[in-house]
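sharing a model prediction with you, sequence too.
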Amino acid sequence: MLIPKGNIMTTTTSSAERPLPRKASAVTTAATGVMMHPAYAEAIGRIAYIWGWPLVNMMNRRTAVTEVPHPGRLNGVLPRRDQGKV
């Protein structure tokens, strides 16, 4: 929580806030017996697909075009080259 002190905003930690875990074993497990609302789960899935698909698609396209044995043209049209070379 931000608290104004003169012209400076300071951050305080309430008793409900905990520091970030430093090891994987310190992360708390998910709550048991809690059901996610189907509409919420669908919305999260849509957001993940909308943001994730273009990222994976472009990564796969870049990998396919840059993994070549020698520079040249792909099907006589698209230029191909090793990644990091002009």
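Thanks, I have it.

where does pLDDT dip in the protein?
Counting by pLDDT under 70, the low-confidence segments of the chain come to 1-16, 68-71, 74-86.

where do the helices of it begin and end?
Under the criterion DSSP state H, helices of the chain are mapped to 38-66.

relative to residue 41, how far out is residue 47?
With distances defined as Cβ to Cβ, to the nearest Å, the gap from residue 47 to residue 41 amounts to 11 Å. All C-beta atoms are positioned from the backbone trio N, CA, C, and that covers glycine.

same check, this time on residue 25
Using Cβ to Cβ, one obtains 28 Å as the distance from residue 25 to residue 41.

who has more neighbours, the two?
Set side by side, residue 25 and residue 41 give different neighbour counts by other Cβ atoms under 10 Å, the larger being at residue 41 (11 against 6).

burial count for residue 66?
Burial of residue 66 is recorded as 13 neighbouring residues (other Cβ under 10 Å).

whoops, residue 65 was the one
The number of residues packed around residue 65, counting by other Cβ under 10 Å, is 14.

ok, residue 60 next?
Residue 60 sits with 10 neighbouring residues when counted by other Cβ under 10 Å.

please list all residues in contact with it.
Taking Cβ atoms under 8 Å, 6 or more residues apart in numbering as the contact definition, residue 60 lies against nothing.

tell me how far it lies from residue 31.
Looking at residue 60 against residue 31, where the rule is Cβ to Cβ, the gap reads 36 Å.

same check, this time on residue 47
Using Cβ to Cβ, one obtains 22 Å as the distance from residue 47 to residue 31.
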